[in-house]
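Participant: Sequence and computational prediction follow.
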Amino acid sequence: MKKQFMLALLAIFTMSLSIEAQNQKSNNNSDDGAKRIQLTAGDRVDRLVKQLKLSDAEKMEVELYYINVDRRRQETIEKLKKVAKYSDERKQILETEQSRNDNDLRIIIGPEKMNKYIQIREDRQYRNRSK
């Protein structure tokens, strides 16, 4: 009797763990983006240094660039809160900010490395869309 009780308890515990894991997985794939992990400026710099083989001077400038991007992102988020979720104005704000960021980064790392970075970013976006 004790064995049957322990087996039933173990089965219930296992099922609850699998249900919890499924809930966490579905929450991570939510459309609102609130659950997305945001990399720190240092993490993004390290990734860019490895991908593009940046010099030490470029690394320092890129780190300052990402710090400024984080600050501007907060300002952009405040603007977007005042705009309808699916509007042309919202799209325009995001495109303008992306263009500004790309131009700033192109000045720092140069056009060749920027083209490589854009290709890497597009590949990553394509992989994420197909998941």
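Facilitator: Thanks, I have the structure now.

Participant: Count residues in the vicinity of Leu52, would you?
Facilitator: Using other CB atoms under 10 Å, Leu52 is surrounded by 18 other residues. No exception for glycine: its C-beta is placed from N, CA and C like everyone else's.

Participant: Please name the nearest non-neighbouring residue to it.
Facilitator: Of all residues not flanking Leu52 in the chain, Lys113 sits nearest, at 4.7 Å (CB to CB, 6 or more residues apart in numbering).

Participant: The one helix or strand Met60 maps to: what's the following helix or strand?
Facilitator: Element membership for Met60 (DSSP states H and E) is helix 56-81. Per DSSP H and E, the first helix or strand lying C-terminal to helix 56-81 is helix 88-109.

Participant: in that following helix, what's buried?
Facilitator: Neighbour counts over helix 88-109 (16 or more other CB atoms under 10 Å) mark 97, 101, 105, 108-109 as buried.

Participant: about what we covered before: which SS class is the residue nearest to Leu52?
Facilitator: With DSSP: H, G, I helix; E, B strand; the rest coil as the basis, Lys113 sits in helix.

Participant: Which strands or helices does the host helix or strand of Gln119 pack on?
Facilitator: According to DSSP H and E, Gln119 maps onto helix 111-129. In this structure, helix 111-129 packs against helix 41-52, helix 88-109, with contacts taken as 3 or more CB pairs under 8 Å, 6 or more residues apart in numbering; DSSP states H and E.
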